[in-house]
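Enquirer: after the sequence you'll find the predicted model.
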Amino acid sequence: MTYCAIDFGTSNSAVAVPDSDGGTRLVALEGSQPTMPTAVFYAVDLDSTHPPELHYGRAALAAYVDGFDGRLMRSMKSVLGSPLVTQDTDIGAGHRVKYQDVIAAFLRRLKAQAESQLGAPVRRAVLGRPVFFVDEDAARDAAAQAALEAAARSVGFEELQFQYEPIAAALDHERGAQREELVLVADIGGGTSDFSLVRVGPGRGERLQRQDDILASHGVHVAGTDFDRRIELLAVLPSCGFRGQGPGGREVPSKVYFDLATWHLINTVYTAPRVAELRGMRDFYADLVQHRRLMKVVQQHLGHALGTLAEGAKIDVAHSGHARIDLSLLEPGLASELDETQALQALDADLQRIADAAVETVRRAGVAPAEVDALYFTGGSTGLKPLTDRIAAAFPAARSVRGERFASVAQGLGLHAARCFGAAQ
């Protein structure tokens, strides 16, 4: 009987399984992609009583962006430990679903993908978990793990182990450790920046219980999607009137722009009452071209496309120090320029909050920054060099180690699963 390891992430998930040479490998979850957005879309037919059709990952996001009837569920992990997990919610056309069942549906999909590639049933698994599902509430934290375990067992996992995500991330680094070290694991994704100070060493790798090796954990709800929002407001949405002026010199109302720059609020701008309200604001704009572009965005549902342009500009600036943002979807020939200085000014407060959280993590462990031996970076947003440079500057004696940005936790969980289950294969 084989096994798998599941990184059930807030933004993205990944699965590792044993390979033929005794190691582990990542499962292709969508096409050749080894990671999948943690998202489920319940597509409903408003004219039928048929049960909803489920879409997962990128297909779920695409169905939502394309405006299909139904309900997108993201960040399901965040309801663990809250009363919401046992409650149900409306998904349209009179259908309701429990949040716990949404989590189970997503885990079932991950399990099915693992079984498809292994060609065998998978009934044993290691699941990752944060150090704290719920801060400073041991009872709710235990309830969160119990809810995740119940969801996993409901889809056919019979034997389960849990491992802390920062330990999993550090396992890859630990394989090459020649001595005991203090490693600050920086896991910075789309929604949160999480830090854990972890003790690793060659004598610790075979221990299955590693909680006492996590000396402190801390984090902030600032990460990649916040960066994208800042860039969009700075370099994309001014073309549509953000920070523009009206005939009397007053700034035009800004709420619509903040909604357009916030992923989960974009579709609220497309409702008929909201579109009518925005159309009636034409006289608020001194530059009617800006209002015309705004109306094109809401009438043609271009909000997510603009967000994608902002994310691309962020990446371009990180790689080359400059971005030319093609805005021809708003108007032929329209473009915006963004350089590194402008981007860093827009992101400065967010970057500093994240760096401060790293320092606070070490302080909570009673450790001086100079005592940290290594920084282990994982998560998609650690591809932003100014961010990792700022964190590294606070720990001058530590060397920087880069894990697989999107899958190092899953790979580490796979190593742990091999130790838990490998001998029983």
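Expert: That came through fine.
Enquirer: which residues in the stretch 201-350 of the chain form strands?
Expert: Counting by DSSP state E, counting those that start in this stretch, one finds strands in the stretch 201-350 of the chain at the ranges 214-220, 322-326, 335-339.
Enquirer: need phi/psi at Val401.
Expert: phi -120, psi 130 (degrees, to the nearest 10).
Enquirer: tell me the contacts of it?
Expert: His173, Val183, Ala374, Leu375, Tyr376, Phe377 (Cβ atoms under 8 Å, 6 or more residues apart in numbering). From N, CA and C alone the C-beta is placed, and that goes for glycine too.
Enquirer: quick check: bridge partners of the closest residue to it other than its chain neighbours?
Expert: Of all residues not flanking Val401 in the chain, Tyr376 sits nearest, at 4.9 Å (Cβ to Cβ, 6 or more residues apart in numbering). Beta-bridge partners for Tyr376, by DSSP bridges, are Val185, Val401.
Enquirer: buried sites along stretch 73-80?
Expert: For stretch 73-80, a neighbour-count test (16 or more other Cβ atoms under 10 Å) marks Met73, Arg74, Met76, Lys77, Val79, Leu80 as buried.
Enquirer: among the residues you listed, which are in strands?
Expert: Among the buried residues of stretch 73-80, the members found in strands (DSSP state E) are Met73, Arg74.
Enquirer: next, format the buried residues of stretch 73-80 as CSV and append pLDDT and distance to Gln145.
Expert: Converted to CSV, the buried residues of stretch 73-80 look like this (pLDDT from 0 to 100; distance: Cβ to Cβ, whole Å):
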residue, pLDDT, distance to Gln145
Met73, 89, 20
Arg74, 86, 21
Met76, 87, 15
Lys77, 89, 12
Val79, 87, 13
Leu80, 90, 8
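Enquirer: what would the buried residues of stretch 73-80 look like in JSON lines with distance to Ala60?
Expert: JSON lines is the format used below for the buried residues of stretch 73-80 (distance: Cβ to Cβ, whole Å):
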{"residue": "Met73", "distance to Ala60": "8"}
{"residue": "Arg74", "distance to Ala60": "8"}
{"residue": "Met76", "distance to Ala60": "11"}
{"residue": "Lys77", "distance to Ala60": "15"}
{"residue": "Val79", "distance to Ala60": "17"}
{"residue": "Leu80", "distance to Ala60": "19"}
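Enquirer: which one of the buried residues of stretch 73-80 sits closest to Gln300?
Expert: Distances from Gln300 to these, taken as Cβ to Cβ, are shortest for Arg74 (23.8 Å).
Enquirer: the closest one and Asn12, how far apart?
Expert: As judged by Cβ to Cβ, to the nearest Å, Arg74 and Asn12 stand 11 Å apart.
Enquirer: list residues touching both of these two?
Expert: Residues touching both Arg74 and Asn12 (Cβ under 8 Å, 6+ apart) are Pro37, Thr38.
Enquirer: quick one: the helices in the stretch 251-400 of the chain?
Expert: Assigned by DSSP state H, counting those that start in this stretch, the stretch 251-400 of the chain shows helices spanning 255-260, 272-279, 288-299, 303-320, 340-364, 385-393.
Enquirer: so where is the stretch 1-150 of the chain shaky, pLDDT-wise?
Expert: 1 (pLDDT under 70).
Enquirer: quick one, helices of it?
Expert: So, for the stretch 1-150 of the chain - with DSSP H, counting those that start in this stretch - the helices run 57-65, 99-118, 138-154.
Enquirer: quick one: the ones you listed as a markdown table, columns for mean neighbour count and distance to Leu234 too.
Expert: Shown next, in a markdown table, are the helices of the stretch 1-150 of the chain (neighbours: other Cβ atoms under 10 Å; distance: least, Cβ to Cβ, whole Å):
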| stretch | mean neighbour count | distance to Leu234 |
| --- | --- | --- |
| helix 57-65 | 19 | 23 |
| helix 99-118 | 20 | 34 |
| helix 138-154 | 17 | 37 |
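Enquirer: closest to Ile6 out of those helices?
Expert: Per Cβ to Cβ, nearest to Ile6 of those: helix 99-118, 5.8 Å.
Enquirer: got the angle for the closest one vs helix 57-65?
Expert: Relative orientation of helix 99-118 versus helix 57-65 (axes from the mean of the first three to the mean of the last three Cα atoms, to 10 degrees): 130 degrees.
Enquirer: on that earlier part again, list buried residues within the contacts of Val401.
Expert: By 16+ other Cβ under 10 Å, the contacts of Val401 give His173, Val183, Ala374, Leu375, Tyr376, Phe377 as buried.
Enquirer: give me the nearest residue to the third one, chain neighbours excluded.
Expert: What it means is Ala374. Val183 (4.7 Å).
Enquirer: mean confidence score for the helix or strand containing that neighbour?
Expert: For Val183, the host element (DSSP states H and E) is strand 181-188. The average pLDDT within strand 181-188 is 94.
Enquirer: how close does the residue of the chain most remote from its centre sit to Arg279?
Expert: Relative to the mean C-alpha coordinate of the chain, counting by Cα atoms, centre = their mean, the farthest residue is Gly248 (42.4 Å). Distance, Gly248 to Arg279, by Cβ to Cβ: 20 Å.
Enquirer: sorry, back to before: among the strands of the stretch 201-350 of the chain, which is the most enclosed?
Expert: Ranked by mean neighbour count under mean count of other Cβ atoms under 10 Å, the strands of the stretch 201-350 of the chain are led by strand 214-220, which reaches a mean of 20.
Enquirer: direction included, what does that one pair against?
Expert: Note on strand 214-220: by DSSP bridges, its sheet partners are strand 193-200 (antiparallel).
Enquirer: not counting the strand it pairs with itself, show me its contacts.
Expert: Residues outside strand 193-200 that contact it (Cβ under 8 Å, 6+ apart): 130-131, 164-167, 170, 173-174, 177, 180-188, 213-220, 222-223, 354, 357-358, 361-362, 365, 367, 372, 379, 381.
Enquirer: with stretch 353-372 instead?
Expert: Contacts of stretch 353-372 (Cβ under 8 Å, 6+ apart): 182-184, 186, 188, 193, 195-197, 215-220, 222-223, 387, 390-391, 393-398.
Enquirer: in that stretch, what counts as buried?
Expert: Ile354, Ala355, Ala357, Ala358, Val359, Thr361, Val362, Ala365, Val367, Val372.
Enquirer: leaving out chain neighbours, which residue sits closest to the second one?
Expert: The spatially closest residue to Ala355, leaving aside those adjacent along the chain, is Arg390, at 4.6 Å (Cβ to Cβ, 6+ apart).
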